[in-house]
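**Student:** Quick one, what's the 3D model for this:
(one chain, ligands or ions: 2)
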Amino acid sequence: MEATTGNRILVTGALGQIGTELVEALRARFGIDAVVASDVRDMPDHPVVIGGHYRHLSVIDADAFDAVIVEEGIGLVYHLAALLSVSAEKFPELAERVNVGGLITVLEAARKHSLRVYTPSSIAVFGPDSPNHAPQVTPLNPTTVYGRTKVTGERLARNYWNQYGIDVRGIRYPGLISYKAPAGGGTTDYAVDIFHEALANGHYDCFVRADTRLPMMYMDDAIRATISLMDAPAESLGESRVGYNIAGISFTAAELADAVAARVPDFTCDFKPDVRQEYADSWPDSIDDELARQDWGWRAEYDLDALCDAMIAGLQLSSI
Ligand code: NAD
Ligand code: SER
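**Tutor:** Numbers count the residues shown, from 1 in each chain. Ligands and ions are numbered 1, 2, ... in the order given. As a prediction, the model looks like this:
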């Protein structure tokens with residue numbers, strides 16, 4: 001094994017919804033020079049690009065990926081590059097190449113260079129046959145292209161841990177709600193878009209039914225969970241290390257619209273379900289995260305009120 005001696009951190013997909021905030025948190029904790037952000041997009045004005053070291057890098061290009069690992073002295077990869085559910089349904093072959101092929105690039109580099117890896121999974125691993133309150137361990141039969149790539153990703157990650165001893169960890173994120181970067185082509189995007197539209201136009205046409213209940217989480221909780229999982233002693237993590245369930249808040253689209261209306265005078269919301277309703281209907285209502293609580297002390301902090309207050313304050317501040 002050609003081990004690198006590096007201890008810097010590489011973030012793939014760093015210009016996305018999670019990367020924008022994870023890079024900021026990692027730079028604040030470990031120092032600007034310790035973190036190399038990368039993405040396939042070129043966005044010279046993006047805060048991640050302005051705020052520190054940035055490399056243009058596609059996770060599909062294994063040779064380029066290997067070169068960056070060696071040149072930058074990388075020891076840990078936060079692998080966020082992916083196509084989310086709506087994009088994956090539109091571009092299934094690309095989703096397979098990025099979500100599965102890209103993960104293989106990262107895991108192979110981890111094997112060659114003794115890297116630690118964080119690779120997120122999703123509530124989309126569950127399918128219509130999962131219980132509404134999704135347990136950690138249950139048959140995973142997703143009906144979306146995206147969900148299938150995530151199930152394959154968990155299987156691959158577990159194999160690299162079992163066969164090669166690679167320290168791979170992951171979380172099945174719920175739908176994430178944040179204001180610093182736009183949501184990137186997912187089904188749960190309505191829970192982000194509603195805040196932008198409420199403040200800009202006082203109205204939102206929601207693309208799922210009013211009674212659609214999904215597991216969601218405020219981004220600060222998700223970033224804290226990610227870093228806590230990577231800080232946890234390896235011996236405290238079991239077979240679920242590649243896809244821990246974590247719960248935040250579960251609410252219906254109508255409950256969210258009511259909470260927004262309580263804060264934005266005269267806000268109105270219409271419900272006009274489209275094809276994304278099918279994806280939402282295939283996912284559970286809520287998540288059992290008992291194992292994450294036991295193994296590494298996970299606990300969410302934001303409820304619906306705290307989330308709405310933070311979103312509105314954050315969007316109002318960033319528009320000044
Ligand atoms: P996002 O779409 O906002 O960002 C993904 C980034 O990956 C984009 O910046 C995109 O340019 C980049 N990318 C796409 N193809 C690439 C390639 N070939 N090489 C390098 N970069 C590439 O997604 P996100 O919300 O930040 O999600 C990050 C991870 O978290 C994904 O694995 C996603 O499945 C998972 N996740 C997200 C959510 C959520 O609600 N945001 C929920 C569950 C799981
Ligand atoms: N938020 C993601 C999506 O809707 C779930 O992984 O695609």
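**Student:** I'd say residue 246 and residue 174 touch.
**Tutor:** Yes. The pair residue 246 and residue 174 passes the contact test of C-beta atoms under 8 Å, sitting 7.2 Å apart. In this view, the C-beta of every residue, glycine as well, is placed from N, C-alpha and C.
**Student:** where do the contact lists of the two overlap?
**Tutor:** Overlap of the contact sets of residue 246 and residue 174 (by C-beta atoms under 8 Å, 6 or more residues apart in numbering) consists of 217, 287.
**Student:** For ligand 1, what is the nearest residue in the stretch 151-300 of the chain?
**Tutor:** residue 184 (2.3 Å; C-beta to the nearest ligand atom).
**Student:** and that residue, what does it touch?
**Tutor:** 16-17, 84, 87.
**Student:** Residue numbers of the stretch 1-150 of the chain in contact with ligand 2?
**Tutor:** For the stretch 1-150 of the chain, the residues in contact with ligand 2 (C-beta under 6 Å from any ligand atom) are 84-85, 122, 124, 146.
**Student:** how about residue 285, what does it touch?
**Tutor:** By C-beta under 8 Å, 6+ apart, the neighbours of residue 285 are 132-133, 213-215, 250.
**Student:** what comes up buried for the helix or strand where residue 29 lies?
**Tutor:** Using DSSP states H and E, residue 29 falls within helix 17-30. The neighbour-count check on helix 17-30 (16 or more other C-beta atoms under 10 Å) flags 17-27 as buried.
**Student:** Name the nearest of those relative to ligand 2.
**Tutor:** residue 17 (8.6 Å).
**Student:** Would you agree the closest one is in contact with residue 179?
**Tutor:** No. With contact defined as C-beta under 8 Å, residue 17 does not reach residue 179; the gap is 10.1 Å.
**Student:** quick one: common contacting residues for the two?
**Tutor:** residue 192.
**Student:** For the stretch 151-300 of the chain, which segments count as helices?
**Tutor:** 190-201, 219-231, 253-261, 276-281, 290-296 (DSSP state H, counting those that start in this stretch).
**Student:** before we move on, back to that, want to throw the contacts of residue 285 into JSON lines with distance to residue 167 and neighbour count?
**Tutor:** Shown next, in JSON lines, are the contacts of residue 285 (distance: C-beta to C-beta, whole Å; neighbours: other C-beta atoms under 10 Å):
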{"residue": "132", "distance to residue 167": "33", "neighbour count": "11"}
{"residue": "133", "distance to residue 167": "30", "neighbour count": "13"}
{"residue": "213", "distance to residue 167": "35", "neighbour count": "19"}
{"residue": "214", "distance to residue 167": "31", "neighbour count": "25"}
{"residue": "215", "distance to residue 167": "27", "neighbour count": "26"}
{"residue": "250", "distance to residue 167": "31", "neighbour count": "20"}
